[in-house]
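> Sequence and computational prediction follow.
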Amino acid sequence: MSEEKVGAAELRECANEMNSVMGLDPKIKTVAVKAQVLTESIINNAIGADEEGNITPEDGIQETDNFSPNVWSTLAAILDPDNDDHAAVLAIAIEKAGAVTEEAKVPKAGKPAKVPKAEKPAKVPKEKKDGVIATIVSIISANPSTIEEIVAELSKKFPEREPEKMATTARIQLSGRLQKEKGLQVEKNDKKQYFIK
């Protein structure tokens, strides 16, 4: 997720608009729900994930969906750029939020244009580290491992992330996504350990 802080009101607005535009059934609950649960519900519906964690992108947000600028900005802020499952929707949200921002800069007739602020110096790119998915592949390439063993290793490498979410990512990746998207043949032995064949 982005470092930006998204408020509960923005999350509720985003969820309500997703319920309406996407015709979600069941709807994302917005009353008496913690911000973290609401954020997870928004993300799961945005990427097309069902209750078991199976993802069907066509059930998620599409480029043709017509959301308000606030929804695109909220989605861009809460989707995780390091999570492959979020990538397609995040790209759409960033593009749409950026287009909305550019439109907002066009002066209306009769009003003077605002003088743009001086641009900040470019940041020096950080060295790219392996993400959660690459680490899962590395773990099961080295030794057959159970989900619990994989999550234990991931928790050491990514202590800032929630183990439950990493376990969900591992289950999704190991249940066929690695084979589908990366061409890796993942097998499971009788000890419930995953390995690359």
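On my side now, so go ahead.
> now Phe195, what's its secondary structure?
The assignment at Phe195 comes out as strand when based on DSSP: H, G, I helix; E, B strand; the rest coil.
> mind checking pLDDT for the closest residue to it other than its chain neighbours?
The shortest distance from Phe195 to any non-neighbouring residue, by CB to CB, 6 or more residues apart in numbering, is to Pro144 (4.0 Å). Where C-beta positions appear, they are placed from N, C-alpha and C, glycine not excepted. Note on Pro144: pLDDT of 95.
> From Ala15, how far off is Pro144?
According to CB to CB, to the nearest Å, Pro144 and Ala15 sit 41 Å apart.
> Have a look at the two and say which one is more surrounded.
Using other CB atoms under 10 Å as the criterion, Pro144 and Ala15 rank with Ala15 on top: 23 against 16.
> tell me the secondary structure for that one?
Strictly by three-state DSSP, Ala15 counts as helix.
> Walk me through the domains of this protein.
Domain assignment for the chain by automatic domain parsing gives 8-105, 132-196.
> returning to that earlier point: need the contact list for the residue nearest to Phe195.
For Pro144, the contact set (CB atoms under 8 Å, 6 or more residues apart in numbering) comprises 189, 191, 193-195.
> any idea how far Val31 is from it?
45 Å.
> What confidence value was assigned to Ser175?
So Ser175 comes in at 87 (pLDDT).
> Tell me the buried residues in the helix or strand where Ile43 lies?
Element membership of Ile43 [criterion: DSSP states H and E] is helix 35-47. Burial within helix 35-47, assessed by neighbour count using 16 or more other CB atoms under 10 Å, is assigned to 38-47.
> what comes into contact with that helix?
1, 6, 8, 11-12, 14-15, 18, 22, 24, 28-30, 33, 49, 55, 57, 60-61, 74-75, 78-79, 85-86, 88-89.
> Determine how far that helix lies from the middle of the whole chain.
9 Å (CA atoms, centre = their mean, to the nearest Å).
> could I get that helix in PDB with only the CA atoms?
This file holds the C-alpha atoms of helix 35-47, laid out as PDB (Å, rounded to 0.1, in the frame of the first residue of the first chain):
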ATOM      1  CA  ALA A  35     -10.900   1.000   8.200                       C
ATOM      2  CA  GLN A  36      -8.600  -2.000   7.700                       C
ATOM      3  CA  VAL A  37     -11.500  -4.300   6.900                       C
ATOM      4  CA  LEU A  38     -13.000  -1.700   4.600                       C
ATOM      5  CA  THR A  39      -9.700  -1.300   2.800                       C
ATOM      6  CA  GLU A  40      -9.300  -5.000   2.300                       C
ATOM      7  CA  SER A  41     -12.900  -5.300   1.000                       C
ATOM      8  CA  ILE A  42     -12.300  -2.400  -1.500                       C
ATOM      9  CA  ILE A  43      -9.100  -4.000  -2.700                       C
ATOM     10  CA  ASN A  44     -10.600  -7.500  -3.000                       C
ATOM     11  CA  ASN A  45     -13.500  -6.200  -5.100                       C
ATOM     12  CA  ALA A  46     -11.200  -3.900  -7.100                       C
ATOM     13  CA  ILE A  47      -9.000  -6.800  -8.200                       C
END
